[in-house]
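Q: following is a predicted model, sequence given first.
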Amino acid sequence: MTSPIKRIALSTGGGDAPGLNAVIRAATLAARNRGWDVVGIRDGFNGLMNPDDYPRTGGIVELSRESVRGIVHTGGTILGTTNRGNPTKYPVQQDDGSWIEVDRSDELIAMFREREIDALVTIGGDGSLTIGHHLHERGLRVVGVPKTIDNDLEHTQSTFGFHSAVDFATECIDRLFSTATSHGRVIVVEVMGRYAGWIALHAGVASGAHAVLIPEIEFDLEPVAATISQREARGAKFSIVVVAEGACPKGGEVSVLGQAIGQAEKLGGIGQKVADGLSELTGKESRVVVLGHLIRGGSPVAYDRLLGLRFGAAAIRALEEGKDGVMVALNPPTVDYVPLSSVSKRQKLVPIDCDTMLTARDMGINFGDEMPHDFDEVWPPTV
């Protein structure tokens, strides 16, 4: 029989996303209303593993009704977050300057026991949930909450942060239409999306972009250039191309800026490469705008606030019902639970035959894999 809960911990890891604070508030209030104590771990699990880094505030903070007051509309996370410090592959520097990875899972679980923390609510994306699943297998009681602006987690219709990211990206692309039209330019907009192109697809279609390049489809620039030339022949002197950071050219590789110790490769630069290639193929002036971390920031839209609140409260209900090793998931019209094992180390990719993709193709949006209709009338252009 599951032992009763008296004290739980909340942790936010990976990239920040609009709606994180809504989860923290709902989970804190729901737990407090059940008579449970609630603490927050600073910066993923760093507050536990590296307490000396927090001499003033401490690596563990009490979450009271007062401390979560008025935070639902704010971006980021009041607990801090990190995409480094994976306890299962923790980077440690050797005396000779080299680095190795060690598993500090048992040490971390012992820290939970020492602080009399009965359960963990881990709020994060694929990496954080995979860590949560690992800790669950080692004996810690864990409930996961899915968080990623990329919307690439399996078994949940949506993740909070995604709609805020899409809304902001769409607004930015709307603004770029004005300057692209005025100057008759090609503007390439690079958005986040390491493995999945949900943001690029939704923002691109919603804003009326003329080409969208996503990780799920290896692209060739000639069909995109043909689309631009076709528009030129019809009197439209400008074009908007949206590209996800993880989009990959046929026979090529994703564009990488670098990699820090304990982190995944930092993607970026594909927007500039696409802009340069299109300029060469079409002879038109091309500019690139990288939205980058702007997409992560700012206040969550109402949808993400509500979804974050629903997820936070559902995580506490899961613990009260004795559930363990599960992730809360949106399965309209309800929030239910799926095993962490079913989402660990998996991505939800854009189905190339989904309705949004079909709609985009019907409207003539190019994905870099097919020549536009009647392209022979305008291709190749005279450069």
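A: That came in fine, so what should we check first? Residues are numbered from 1 along each chain as shown.

Q: now Ile270. Nearest residue, chain neighbours left out?
A: Of all residues not flanking Ile270 in the chain, Ser255 sits nearest, at 4.0 Å (Cβ to Cβ, 6 or more residues apart in numbering). C-beta here means a position set from N, CA and C on the backbone, and glycine is covered the same way.

Q: now do the one you found, the pLDDT please.
A: pLDDT recorded at Ser255 is 74.

Q: was I right about it contacting Gly269?
A: Yes: using Cβ atoms under 8 Å, Ser255 is in contact with Gly269, at 4.1 Å.

Q: looking at the two, which is more packed in?
A: Ser255 (21 against 16; other Cβ atoms under 10 Å).

Q: relative to Val288, how far out is the more buried one?
A: The gap separating Ser255 from Val288 is 12 Å, by Cβ to Cβ, to the nearest Å.

Q: again, but for Gly85
A: The value you get for Gly85 to Val288, if Cβ to Cβ is used, is 33 Å.

Q: can you give me the helices in the stretch 1-150 of the chain?
A: Along the stretch 1-150 of the chain, counting by DSSP state H, counting those that start in this stretch, helices occupy 20-32, 46-49, 105-114, 126-137.

Q: put the alpha carbons of the second one into PDB.
A: Taking C-alpha atoms only, helix 46-49 is exported to PDB below (Å, rounded to 0.1, in the frame of the first residue of the first chain):
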ATOM      1  CA  ASN A  46      20.900  21.600  -9.100                       C
ATOM      2  CA  GLY A  47      19.400  23.000  -5.900                       C
ATOM      3  CA  LEU A  48      19.800  19.500  -4.400                       C
ATOM      4  CA  MET A  49      23.000  18.400  -6.000                       C
END
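
Q: just checking, what packs against it?
A: Contact partners of helix 46-49 among helices and strands, from 3 or more Cβ pairs under 8 Å, 6 or more residues apart in numbering; DSSP states H and E: strand 37-41, strand 60-62, helix 105-114.

Q: pLDDT (mean, whole number) over the longest one?
A: Helix 105-114 carries an average pLDDT of 93.

Q: neighbouring contacts of that helix?
A: 9, 45, 48-49, 87-88, 120, 134-135, 138-140 (Cβ atoms under 8 Å, 6 or more residues apart in numbering).

Q: try 10 Å this time
A: Applying Cβ atoms under 10 Å, 6 or more residues apart in numbering, the contact partners of helix 105-114 are 7, 9, 41, 45, 47-49, 51, 59-60, 86-90, 104, 117-120, 131, 134-135, 137-141.

Q: which positions in it come out as buried?
A: 105, 108-109, 111-112 (16 or more other Cβ atoms under 10 Å).

Q: circling back: could I get the helices of the stretch 1-150 of the chain as TSV with distance to Val212?
A: Below are the helices of the stretch 1-150 of the chain laid out as TSV (distance: least, Cβ to Cβ, whole Å):
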stretch	distance to Val212
helix 20-32	28
helix 46-49	37
helix 105-114	40
helix 126-137	23
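
Q: Glu66 is nearest to which of those helices?
A: helix 20-32 (10.3 Å; Cβ to Cβ).

Q: list the helices and strands that closest one packs on?
A: Under the contact criterion of 3 or more Cβ pairs under 10 Å, 6 or more residues apart in numbering; DSSP states H and E, helix 20-32 touches strand 7-12, strand 37-41, strand 119-124, strand 142-146, helix 302-320.

Q: of those, flag the one that's most buried.
A: strand 142-146 (a mean of 29; mean count of other Cβ atoms under 10 Å).

Q: next one: that one to chain centre, how far?
A: Distance, stretch centre to chain centre, for strand 142-146: 16 Å (Cα atoms, centre = their mean, to the nearest Å).

Q: mean confidence score for it?
A: 97.

Q: could you give the angle of it to strand 7-12?
A: 30 degrees (axes from the mean of the first three to the mean of the last three Cα atoms, to 10 degrees).

Q: give the buried residues for the next helix or strand after strand 142-146.
A: On the C-terminal side of strand 142-146, the closest following helix or strand by DSSP states H and E is helix 162-183. Of all the residues in helix 162-183, those buried under the rule 16+ other Cβ under 10 Å are 162-170, 172-173, 176, 180.

Q: what's the answer for stretch 90-101, then?
A: Tyr90.

Q: could you check how far it is from the centre of its chain?
A: 29 Å.

Q: how long is it from one end to the other?
A: This stretch, stretch 90-101, spans 5 Å end to end (Cα to Cα, to the nearest Å).

Q: can you list the weak-confidence ranges in the chain?
A: Along the chain, segments meeting pLDDT under 70 span 1-2, 258-266, 375-383.
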